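S.K.: can't give you the sequence, but here's the structure:
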Ligand code: 13P
């Protein structure tokens, strides 16, 4: 998809118009000669997509949504947003399968429908998957990841328009991160699986879970990681730039 290192900011249910103003520095940095290696993507709440799309218009920063409904266009689904609506708002990507949405009852079947519709709408998909602490403790990680991938990707065709995001649930917002050796092994396994089962030549897999301006120095040593999906630290422009700089330098 891209040879640049991906830095995807998932703002979750954070961010106001005031926060949007603070991304000026990130836009400036993205355009500077110091940045040739980073590709930045903002996934703010729906309410801020329009203003961030406008703000980043003359930059290489892309904007994504954090979820979409499984019906493509319109329908009687109060409180929901369709892939078509997201596309119209100027966003180019959408996060699907985030554990915080799975926890609200989103099944692998629903995720699969969302992925198919989003890709059909010509949105790129950031497909999240990951094991819970309970699954990890009972040595079910590989099994769970495989199941989430297989069910999520059923009948999916444009696999090259998917950014895979491995986010161990137990690592999100906890400050806990798998040690480099095991994380690398996990990425090697996932890449091999996607290459052999789905014939994706160069799968793009990012890591998400408590990435911050300190542990990034360690995480960046894992060559198999194609980028980062960052929650908390991404709403602070200074920290976000710091993470990017430390990775690419
Ligand atoms: P944190 O970086 O806050 O742990 O969140 C990770 C995440 O869920 C990104 O999608």
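M.R.: That came through, no problem. What you see is a predicted model, and the numbers here were worked out from it, not measured in a lab. Numbering: from 1, shown residues only.
S.K.: buried residues in stretch 66-84?
M.R.: Across stretch 66-84, burial judged by 16 or more other C-beta atoms under 10 Å covers 66, 67, 68, 69, 70, 71, 72, 81, 82, 83, 84. All C-beta spots, glycine's among them, are computed from the backbone N, C-alpha and C.
S.K.: what are the bridge partners for the residue nearest to residue 61 when sequence neighbours are not counted, then?
M.R.: Closest residue to residue 61 in three dimensions, ignoring its sequence neighbours and counting by C-beta to C-beta, 6 or more residues apart in numbering: residue 40, at 4.7 Å. On the basis of DSSP bridges, residue 40 is bridged to residue 7.
S.K.: so can I have CSV of the buried residues of stretch 66-84 showing pLDDT, distance to the ligand and secondary structure?
M.R.: What follows is these, written out as CSV (pLDDT from 0 to 100; distance: C-beta to the nearest ligand atom, whole Å; DSSP: H, G, I helix; E, B strand; the rest coil):
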residue, pLDDT, distance to the ligand, secondary structure
66, 98, 9, coil
67, 98, 11, coil
68, 98, 16, coil
69, 98, 19, coil
70, 97, 20, coil
71, 93, 24, coil
72, 87, 24, coil
81, 97, 18, coil
82, 97, 21, coil
83, 97, 19, helix
84, 97, 24, helix
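S.K.: immediately after the longest helix along the chain, which helix or strand?
M.R.: In the chain, with assignment by DSSP state H, the single longest helix is helix 180-198. Where DSSP states H and E defines the elements, the next helix or strand beyond helix 180-198 is strand 204-208.
S.K.: At the contact with the ligand, which residues of the chain appear?
M.R.: 10, 98, 167, 172-173, 208-211, 229-233 (C-beta under 6 Å from any ligand atom).
S.K.: Let me know whether the residue nearest to residue 61 touches residue 30 as I believe.
M.R.: Yes: look at residue 40 against residue 30 with C-beta atoms under 8 Å: they come within range, at 5.4 Å.
S.K.: thinking again about what came up before, which positions in the longest helix of the chain come out as buried?
M.R.: Applying 16+ other C-beta under 10 Å to helix 180-198 flags 183, 184, 186, 187, 190, 191, 193, 194 as buried.
S.K.: Go through the residues of the chain next to the ligand and flag which are in strands.
M.R.: With strands taken from DSSP state E, the overlap with these comprises 10, 208, 229, 230.
S.K.: Quick check, pLDDT for whatever residue of the chain ends up closest to the ligand.
M.R.: Residue nearest to the ligand within the chain (C-beta to the nearest ligand atom): residue 231, separated by 2.3 Å. Reading off the confidence values, residue 231 has pLDDT 98.
S.K.: Would you mind listing the residues in contact with residue 13?
M.R.: Residues in contact with residue 13 (C-beta atoms under 8 Å, 6 or more residues apart in numbering) are residue 45.
S.K.: Need phi/psi at it.
M.R.: Note on residue 13: backbone dihedrals following degrees, to the nearest 10 are phi -90, psi 50.
S.K.: Within its local environment, how many residues does residue 152 see?
M.R.: 25 (other C-beta atoms under 10 Å).
S.K.: how about the nearest residue to it, chain neighbours excluded?
M.R.: Closest residue to residue 152 apart from its sequence neighbours, by C-beta to C-beta, 6+ apart: residue 111 at 4.9 Å.
S.K.: Give me the three-state assignment for the one you found.
M.R.: helix (DSSP: H, G, I helix; E, B strand; the rest coil).
S.K.: Return the per-residue confidence for it.
M.R.: So, for residue 111, pLDDT stands at 98.
S.K.: That concludes my questions; thank you for your assistance.
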